[in-house]
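*Asks:* after the sequence you'll find the predicted model.
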Number of protein chains: 2
Amino acid sequence: MPDLIRSSAHLLLALAVAAPASATQRETRIPDAALATAAQLRERALADGTAWQVVESLTTEVGPRLAGSEADARAVAWAKAEFEALGYDKVWTEPVTFPKWERRSERAEVLGTHAQPLAVTALGGSPGGTVEAEIVRFADLAALEAAPDGSLAGKIAFVDYAMARARDGSGYGPGSRVRSRGPSAAIRKGAIAFLMRSAGTDSHRNPHTGITRFDDGLAPVPSAALSVPDAEQLARLVARGATRVRLALDCDWNGEYTSQNVIGEITGSGPAGKRDEVVVIGGHLDSWDLGTGAVDDGAGVAITMAAGHLIGELERRPLRTIRVIAFANEEQGLHGGKAYAEKYADAVAKHQIAAESDFGAGRIYAFNTSAPAHAQAAEAQIAGALKPLGIEPSDKGGPGPDVGPIAARGAAWGWLAQDGSDYFDLHHTPDDTLDKIDPQALAQNTAAYVVFAYLAAQAEGDFGSAPKPATPEAP
Amino acid sequence: MPDLIRSSAHLLLALAVAAPASATQRETRIPDAALATAAQLRERALADGTAWQVVESLTTEVGPRLAGSEADARAVAWAKAEFEALGYDKVWTEPVTFPKWERRSERAEVLGTHAQPLAVTALGGSPGGTVEAEIVRFADLAALEAAPDGSLAGKIAFVDYAMARARDGSGYGPGSRVRSRGPSAAIRKGAIAFLMRSAGTDSHRNPHTGITRFDDGLAPVPSAALSVPDAEQLARLVARGATRVRLALDCDWNGEYTSQNVIGEITGSGPAGKRDEVVVIGGHLDSWDLGTGAVDDGAGVAITMAAGHLIGELERRPLRTIRVIAFANEEQGLHGGKAYAEKYADAVAKHQIAAESDFGAGRIYAFNTSAPAHAQAAEAQIAGALKPLGIEPSDKGGPGPDVGPIAARGAAWGWLAQDGSDYFDLHHTPDDTLDKIDPQALAQNTAAYVVFAYLAAQAEGDFGSAPKPATPEAP
């Protein structure tokens, strides 16, 4: 999932402004023959079970795969073997190094006359530690930020913000901001620990984890999320009077780890200058540790692996190369996407277009690209080929999280918007498991990626990729 | 909830057969004035928030209240104070002694190349212990029972039976049978531990606990339930090949504990011989430890406490006494209900009728009683007063679990059937929390209990209570 959806949106804005619209440039077009093949691929994908088999295999055989854990290495081996089994022409890995965070145990409980356990999970990046202190509740992040300095000395800050459900996931911006900024805000007010209502839309006793960061110069404090029912319970208790909580986290950063981006290619059949151009699609291979990473992001890996596979089953390879990437460690800071963008910084113009599937397994309902004026007719042609799948053109969107860094360097992006209405019921929780995926919706996703990737690979002309200095990351 | 729904149904059968139908006995009737008052009470209850306030208070302030735990005593004190605050005329407690079972920790994980944790919870009554062994999966209890003796030596038996969703909870009979009989069956085949797919209808990573028992002469083994997604995951892994699991439970029986049935009465205003007759309604005060016992059975306690309270607010007390009981330790073997039946064994004929609310907080849709022929007109009168609540007469049902023992001794019973379609999504899981209760449905329940209890208290004549030898417990 887009852990950094906010900064991706930021990037997108920069890109939209920067996209050149040259009136003199030759217009990009997609040949009729390609559209006819795409229509066949689309119907084949709708009836195909490959994506389901792939996500079933990943979530069952590897299971949870926290970046840097023992399962991270198993996931890399799995992805390599899976690309090979699916008939990719070329399969390889590229190293991605990052700090390793470990979760060992986590507990919280109300103390005193209303003693009871609370369902809690450490935020990624939290230090360990045990504190017992009084809760101070804030309705949202702004209320915490408005508290007087020092007013939380010796206390536990509790931000009780309820994120909103939305098809486009727009509730996650303010929801995840509590997670990313709340701990530092709490420390500045003197708090010795941080609790938040999960950034989620469900009502189960499954807290939502996710990465947090501590601002430079602050001493990190134990930081955790309560499940939604537990946050409501704690709010009721605080409303009754002074409420003390014991929070005990055993987790921490522990050295460095080198994982791998795993890449499979269906090699293009065009002349040199075409076949060395790539259409990039992918998902991220890592997951949080609480569930088995089915909707985040086994689905994205499976959809794009299956799409490349179906294109590879055509009698003839497309002109350009289809590059499918299973990115390493998206969850803790887009490490795989950043490593990819750095490695291919000089090859931005060779990226025909790039798109990531990382918003679950709901049906795709909208499509957009960063196409400048000369490629908008081609974008409209792809949109036309997606229409039978119930997908409408849109002027919204942006690159997925892991293709954000290469897009920031100038690569064109495509956006296939998934229905995320239920995504934040599951996201980063133990409930992110295979049974939550609808095989029919998964096949619709695969069909959309097959159409998009194939048509982009067959286009006469480009989608506007052009190198530019990397945009600095959003603050 | 009816942990012993099966044996309750068994009792019911015995009662239905035994119910006398004397043609010569004077017919029981309910006076028109009582029906008019009941209609007012019904409308008042629908607009009343008492039941919600009671269940909010119990689940928030006491929280989980495993029988014999520190919270059991807090729950007893809470119930006493609550009856008093609600204006009951008489409030007292009666001791209930039972063996104490403690849960300290529980973990399970798949070992080897597909290593991953499994969400698991110990069955109530399980011993502790750590085993590592291969899984042998059975589709249902019959398949386990059909395995050759000794065939599970050194193995973990896994019964993967999926219980069915039903409004009347009928899927729970076969579902809970896996829990009650599975461990003993597994031991007989040589198994060193027992795992089951939870007796539940949800798809969350929240396993369902519940009591189990071990047959005499067998050495108990660690026994636990997997959440539904984990059971599905384990089945997929077993289908791929030999699968070893480590199960580590720290739990056990630990001495005896004496809790209390907490009883509140609205004293009857009739002449002696009437006011010493009681209409019994109630729920059970204990809960499993994983959730806060909102639907099981905070709701039942709240509905019946509120119903008695509303009757107590009438200008005039009813003729007979309304006795509301918050039963101790239903979950581990109807201990409160059995203690009550023993204590009042000589007063069966003084029980006008008894009903328990212990099937969640869904709307009541059906009504029945054990009324013999001479009281069926009165039953129909009550049914008529319930009809505006969307409640239809039924020929099904039986006493709730805790009034089962007194019914087995001859007390008449009433049955107000709740819609249990979603009950087994929550039952015995961490998800049994306040947010799962719909205040409107709770008020409808209160209205039904108010009507039932008041009209039974005002009836001219009885509902057939007559002492008889206690039926032996179902095997």
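*Replies:* All right, it came through fine. Here the structure is a predicted model, which is why all the values come from computation and not from measurement.
*Asks:* so which elements touch the strand ranked longest in chain A?
*Replies:* Using DSSP state E to define each element, chain A has its longest strand at strand A:244-266. With contacts taken as 3 or more C-beta pairs under 8 Å, 6 or more residues apart in numbering or on different chains; DSSP states H and E, strand A:244-266 sits against helix A:70-85, strand A:90-110, strand A:120-122, strand A:129-138, strand A:193-197, helix A:299-312, strand A:321-327, helix A:335-343. Any C-beta I mention is one placed from the backbone N, CA and C, and that applies to glycine too.
*Asks:* check which element follows that strand along the chain.
*Replies:* Moving toward the C-terminus from strand A:244-266, the next helix or strand (DSSP states H and E) is strand A:278-284.
*Asks:* close to chain B: what parts of the stretch 1-150 of chain A are there?
*Replies:* Residues of the stretch 1-150 of chain A lying close to chain B by C-beta under 8 Å from any C-beta of the partner chain are A:56, A:59-64, A:70-71, A:74, A:110, A:113-117, A:119.
*Asks:* now, of those, which are buried?
*Replies:* By neighbour count, with 16 or more other C-beta atoms under 10 Å in any protein chain shown, those hold A:56, A:59-64, A:71, A:74, A:110, A:114-117, A:119 as buried.
*Asks:* got the angle between the longest helix seen in chain A and strand A:278-284?
*Replies:* Longest helix in chain A, counting residues (DSSP state H): helix A:439-458. Taking axes from the mean of the first three to the mean of the last three C-alpha atoms, to 10 degrees, helix A:439-458 and strand A:278-284 form an angle of 150 degrees between their directions.
*Asks:* contacts only, for A:Ser180.
*Replies:* A:211-213 (C-beta atoms under 8 Å, 6 or more residues apart in numbering or on different chains).
*Asks:* how far is stretch A:408-428 from where the chain is centred?
*Replies:* Averaging C-alpha positions (C-alpha atoms, centre = their mean, to the nearest Å) puts stretch A:408-428 7 Å from its chain's average.
*Asks:* that stretch near chain B at all?
*Replies:* No. For stretch A:408-428, no contact with chain B is found by C-beta under 8 Å from any C-beta; the gap never falls below 9.9 Å.
*Asks:* how about that stretch: buried residues?
*Replies:* A:408-420, A:422-428.
*Asks:* verify the stated contact: A:Glu314 with A:Arg44.
*Replies:* Wrong residue type there; residue A:314 is Leu, not Glu. No. Between A:Leu314 and A:Arg44 there is no contact under C-beta atoms under 8 Å: 9.6 Å.
*Asks:* can you list contacts of stretch A:379-397?
*Replies:* Against stretch A:379-397 from outside (C-beta under 8 Å, 6+ apart): A:12, A:29-30, A:35, A:38-39, A:42, A:168, A:363-369, A:371, A:415-417, A:444, A:447-448, A:451-452, A:455-456, A:463.
*Asks:* among those, which ones are buried?
*Replies:* By 16+ other C-beta under 10 Å, these give A:12, A:30, A:35, A:38, A:42, A:168, A:363-369, A:371, A:415-417, A:444, A:447-448, A:451-452, A:455-456, A:463 as buried.
*Asks:* near chain B, which residues of the stretch 251-400 of chain A are found?
*Replies:* So the stretch 251-400 of chain A meets chain B at A:291-292 (C-beta under 8 Å from any C-beta).
*Asks:* residues contacting A:Asp215?
*Replies:* Contacts of A:Asp215 by C-beta under 8 Å, 6+ apart are A:Ser184.
*Asks:* recalculate using a threshold of 10 Å.
*Replies:* A:Asp215 sits next to A:181, A:183-185, A:187-188 when contact means C-beta atoms under 10 Å, 6 or more residues apart in numbering or on different chains.
*Asks:* can I get the contacts of A:Ser180 in JSON lines with distance to chain B, neighbour count and pLDDT?
*Replies:* JSON lines is the format used below for the contacts of A:Ser180 (distance: C-beta to the nearest C-beta, whole Å; neighbours: other C-beta atoms under 10 Å in any protein chain shown; pLDDT from 0 to 100):
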{"residue": "A:Ile211", "distance to chain B": "21", "neighbour count": "21", "pLDDT": "98"}
{"residue": "A:Thr212", "distance to chain B": "23", "neighbour count": "24", "pLDDT": "98"}
{"residue": "A:Arg213", "distance to chain B": "27", "neighbour count": "16", "pLDDT": "97"}
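*Asks:* quick one: which of those is nearest A:Ala306?
*Replies:* A:Ile211 (28.4 Å; C-beta to C-beta).
*Asks:* mind listing the residues bridging to that closest one?
*Replies:* A:Gly124 (DSSP bridges).
*Asks:* from memory it sits against A:Asp286, does it?
*Replies:* No. The criterion here is C-beta atoms under 10 Å, and A:Ile211 misses it with A:Asp286 at 11.4 Å.
*Asks:* before we move on, what SS does the residue of chain A most remote from its centre have?
*Replies:* Distance from the centre of chain A peaks at A:Thr113, with 42.3 Å (C-alpha atoms, centre = their mean). Of the three states, A:Thr113 takes helix according to DSSP: H, G, I helix; E, B strand; the rest coil.
*Asks:* what do you get for A:Tyr365?
*Replies:* When the rule is three-state DSSP, A:Tyr365 gets the label strand.
*Asks:* residues in contact with whichever residue of the stretch 351-475 of chain A sits closest to chain B?
*Replies:* Closest to chain B within the stretch 351-475 of chain A is A:Pro430: 3.8 Å, counting by C-beta to the nearest C-beta. With contact set as C-beta under 10 Å, 6+ apart, A:Pro430 has these partners: A:64, A:121, A:204-209, A:288-292, B:117, B:119, B:204-206, B:227, B:229-230.
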